[in-house]
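Engineer: With the input below, show me the fold.
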Amino acid sequence: MPSNMADEEEDPVVHEVDVFLSKSLAANLYLLQYPVRPERMTYDDIDIQTARVKPVQQKLELECALNTRSDHYARSKGEQIALNVDGAFGGNPADSFYSSDKMDKQVLTSFSTGEKSGRYAVGIFKDGELHLTPLHAIVQMRPSFSYLDRADQKIKTDVGPAGDGGESSQDEEEEVKPVTVKFAHQESEEAKARRMASFDYLQKKQQEETWQQLEYNNINSGRAESRRLQLYAGKADELSEFQLQPGEYLQALMPETDAEQEEKPAMPSNVLSLIQLRTMPLHDQVKTLLTNAKVIRFSQLLALLPQGIEATAVLRSLQQVAVLVQGCWVVKSEILYPKEATSPHSGVSADHLCRGRDYVMWRFTQSRHVTRKDIASIVKLPAEDVKEILEQISRIRVNCGWEFLFAYDSEFTSRYGDIVQRQKMLWDAKYQGLAKQLKIPKEHEKKFKDKDPVFPPGEKPMRRRRNSSRSSTGTRRKRTLSGRSLSDYSDQEMDAIKQDLENHDDILSRGEEPMEVSSAKLPNSNGTMEVTPNSDCDKTMEENSNLNSADFKLEVLNFVREKLYTRFVVSASELRRLFQMHLAQCPPGHILSSGVSDKILEESILNVGGVQLENQWPPNTQQEPMFALPKMGDSLDPARTVLLNYFTSSHKISRKQFVKAVEDGCGMTLSEQDTKLLLKDYCAQKGNSWMLKGTVPAS
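Structural biologist: Just a heads-up that it's a prediction; the model follows:
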């Protein structure tokens with residue numbers, strides 16, 4: 001006997017039931033769940049005062065009356081809550097949340113369960129028939145505490161005028177303040193995606209939908225009974241879905257998830273899904289990867305593409321969307337800036353952006369480093385656009401300007417020499433066009449063409465013989481490796497130097513000396529050509545003995561002492577920023593130009609009397625070392641110690657808490673003036689609380 005026939009005999013059909021589908025209530029049928037209330041305590045006998053719904057968001061609210069005469073009702077608490085929310089009873093009823101002088105109602109608000117309601121239905125079995133009605137939504141009803149926000153707002157409104165110390169007067173004229181007008185920049189796709197995914201935007205969209213008032217009918221009312229009758233399928237409900245072939249019927253029961261995927265929010269433009277990438281043709285895969293990465297090595301590109309793809313096919317697509325710079329591939333400017341595009345910062349047209357970016361890429365084919373000042377003088381673009389272009393393909397290097405993002409890829413240039421030569425010819429032709437469009441003078445070209453070449457890894461240039469008379473001179477004008485002093489850097493570049501400066505300082509602290517270079521015939525990224533290195537960018541720095549000299553240490557101590565005794569509290573990043581600003585104001589060749597690491601700055605703080613704090617941080621705040629001055633040599637030093645110790649257990653303090661902590665800790669009674677002085681020296685005010693300087697989260 002076949003096995004399938006045996007299974008049928010072992011599991012026979014004992015009964016058949018007709019199934020009917022009713023759609024009368026399918027568009028409005030909600031399943032309400034009450035997870036915070038026991039099953040035995042239903043809302044069937046509760047007086048529902050009002051009900052309202054937002055159909056698009058599937059949000060429901062019910063106002064339930066409270067029995068204020070119950071033995072379980074705390075009258076004093078109810079009166080206090082009503083007083084906090086509405087104020088004294090007897091005011092304008094339209095402005096009152098409660099209808100009496102007590103908390104006489106509770107609001108239940110719906111929350112989404114995350115379940116897809118299309119998979120569920122309400123069923124009624126009657127007379128051997130099963131009637132199903134699909135659910136429109138499944139929500140959980142939970143108590144709403146919005147009245148607490150209303151109470152807080154009322155308190156702020158009431159104490160607002162009193163918080164000004166009584167100095168404000170309605171008779172006084174308001175002070176005239178200047179108004180700054182800012183024009184909004186064109187929003188990029190990435191910024192738009194982030195904005196639309198933010199909590200504020202989603203909350204605003206939810207508030208835009210208006211509430212629709214509903215009529216509530218008790219479960220035992222006649223209206224409710226008539227509505228329940230609609231759960232049965234009538235003769236008008238012809239079920240065409242059941243008159244299908246078996247395969248179509250299964251498809252209707254378990255539809256594909258395409259609709260659900262469409263409901264998911266779109267990924268930001270800077271996030272690339274490898275799963276989606278592999279569904280694209282090879283050319284689109286290469287274009288998408290280059291558009292996201294901006295710069296990529298050929299070996300990295302092959303690793304991201306599916307296995308089994310020939311390198312020649314990848315190179316064929318690669319040359320259509322990218323150009324070769326120092327052996328690496330950089331996406332073409334026309335791909336990033338289509339003709340109809342404009343700059344999100346300044347509104348500059350795509351043609352000007354493409355010309356400027358092509359010039360930057362050409363400069364990197366000639367040198368490892370460029371300076372923004374030189375670039376801006378040629379491309380004539382706003383500073384923000386120049387910085388954005390440089391950040392795409394390079395990074396800040398201390399004393400050198402902007403360095404190309406990746407090291408020279410000699411593996412690719414040695415293996416694909418014909419492509420390298422072809423790209424070199426392409427760059428030569430492109431530069432001729434750029435020279436005419438940007439009106440580049442020939443002397444300017446010679447000026448930077450003789451700078452530091454692009455050395456492939458493993459090749460060492462010969463050392464330059466120094467002029468003995470020049471090296472024997474006592475002091476000479478100290479220049480940075482890029483041929484300019486630190487004061488030449490703009491404020492925007494100074495912030496970006498921080499991280500690289502730390503690595504540079506570590507090298508100096510180990511006593512390593514930068515390598516000198518000399519002229520050599522070395523290939524650049526686009527072929528072989530004779531170039532002469534730039535003596536400015538790879539010139540030997542000051543002797544490392546400066547780091548251990550007494551003058552150097554004294555200079556650092558004086559700088560740290562000045563900042564600590566005027567600011568009282570300073571973070572590691574703020575100290576580094578202040579040092580960069582100080583260094584930018586120093587003359588060329590200053591003793592601090594050799595570099596100061598974070599370790600030296602932190603040790604100097606401890607040497608001048610500062611301490612490192614073990615303070616608490618507000619939630620969602622990036623933590624970093626904090627330093628403070630605990631003693632000034634006056635009678636308030638014990639209060640300063642109490643204040644700093646308080647922040648080891650809490651990230652904020654109020655004026656009253658500080659005064660009480662000083663009284664309990666050292667028995668001092670601070671005057672109002674001393675209290676205000678100490679709090680302003682070490683803290684920043686945030687609402688009614690004071691937080692340690694440098695820890696206040698950005699608004």
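Engineer: what about the helices in the stretch 551-699 of the chain?
Structural biologist: For the stretch 551-699 of the chain, applying DSSP state H, counting those that start in this stretch gives helices covering 572-585, 598-607, 637-646, 655-666, 672-682.
Engineer: what inclination does the longest one have with respect to helix 598-607?
Structural biologist: Using axes from the mean of the first three to the mean of the last three C-alpha atoms, to 10 degrees, the direction of helix 572-585 lies 100 degrees away from that of helix 598-607.
Engineer: and helix 572-585, average pLDDT?
Structural biologist: For helix 572-585, the mean pLDDT works out to 81.
Engineer: C-alpha coordinates for it, PDB please?
Structural biologist: Output in PDB follows, covering the C-alpha atoms of helix 572-585 (Å, rounded to 0.1, in the frame of the first residue of the first chain):
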ATOM      1  CA  ALA A 572      41.000  67.500  27.100                       C
ATOM      2  CA  SER A 573      39.500  68.400  23.700                       C
ATOM      3  CA  GLU A 574      38.900  72.000  24.800                       C
ATOM      4  CA  LEU A 575      42.500  72.300  26.000                       C
ATOM      5  CA  ARG A 576      43.800  71.000  22.700                       C
ATOM      6  CA  ARG A 577      41.600  73.500  20.800                       C
ATOM      7  CA  LEU A 578      42.900  76.300  22.900                       C
ATOM      8  CA  PHE A 579      46.500  75.200  22.300                       C
ATOM      9  CA  GLN A 580      45.900  75.100  18.500                       C
ATOM     10  CA  MET A 581      44.500  78.700  18.700                       C
ATOM     11  CA  HIS A 582      47.500  79.700  20.800                       C
ATOM     12  CA  LEU A 583      49.900  78.000  18.300                       C
ATOM     13  CA  ALA A 584      48.300  79.800  15.400                       C
ATOM     14  CA  GLN A 585      49.100  83.100  17.000                       C
END
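Engineer: helices or strands next to that helix in the packing?
Structural biologist: If contacts are counted by 3 or more C-beta pairs under 8 Å, 6 or more residues apart in numbering; DSSP states H and E, helix 572-585 sits against helix 491-509, helix 550-567, helix 598-607, strand 626-628. Using the backbone N, CA and C atoms, a C-beta is placed for each residue, glycine as well.
Engineer: Can you give the distance from the shortest one to the centre of its chain?
Structural biologist: Relative to the chain's own centre, strand 626-628 is displaced by 27 Å; criterion: C-alpha atoms, centre = their mean, to the nearest Å.
Engineer: Adjacent strands (with direction) for that strand?
Structural biologist: strand 569-571 (antiparallel), strand 611-613 (antiparallel) (DSSP bridges).
Engineer: in terms of contact, does residue 274 touch residue 306 like I think?
Structural biologist: No. Counting by C-beta atoms under 8 Å, residue 274 sits too far from residue 306 to count as a contact (9.5 Å).
Engineer: quick one: contacts of stretch 65-76?
Structural biologist: Residues outside stretch 65-76 that contact it (C-beta atoms under 8 Å, 6 or more residues apart in numbering): 46, 47, 48, 49, 78, 100, 102, 103, 104, 105, 106.
Engineer: end to end, how far does stretch 54-69 reach?
Structural biologist: Chord length of stretch 54-69, first to last residue, is 33 Å (C-alpha to C-alpha, to the nearest Å).
Engineer: If you count neighbours, what's buried in it?
Structural biologist: 54, 59, 60, 61, 62, 63, 64, 66, 68 (16 or more other C-beta atoms under 10 Å).
Engineer: And the pLDDT for the fourth one?
Structural biologist: Translated: residue 61. Note on residue 61: pLDDT of 91.
Engineer: For it, grab phi and psi.
Structural biologist: phi -130, psi 140 (degrees, to the nearest 10).
Engineer: What distance do you get for it to residue 46?
Structural biologist: Residue 61 sits at a distance of 14 Å from residue 46 (criterion: C-beta to C-beta, to the nearest Å).
Engineer: re the thing from before, mind giving me the ChimeraX select for the contacts of stretch 65-76, buried ones only?
Structural biologist: In ChimeraX, this line selects whichever of those come out buried by 16+ other C-beta under 10 Å:
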select :46,78,102,103,104,105
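Engineer: quick revisit: out of the strands paired with strand 626-628, indicate the one that is most buried.
Structural biologist: Mean neighbours per residue, mean count of other C-beta atoms under 10 Å, is largest over the strands paired with strand 626-628 for strand 569-571, with a mean of 22.
Engineer: Now do the helices in the stretch 251-400 of the chain.
Structural biologist: Under DSSP H, counting those that start in this stretch, the stretch 251-400 of the chain gives helices at 258-263, 274-277, 282-293, 298-304, 311-321, 333-336, 350-366, 372-379, 383-393.
Engineer: Just tell me which of these ends up closest to residue 665.
Structural biologist: For residue 665, the closest of those is helix 383-393, at 49.8 Å, according to C-beta to C-beta.
Engineer: Contacts for that closest one, please.
Structural biologist: 294-295, 325, 330, 336, 343, 345-346, 348, 353, 356-357, 360-361, 364, 370, 372, 375-376, 379, 381, 402, 404-405, 490, 492.
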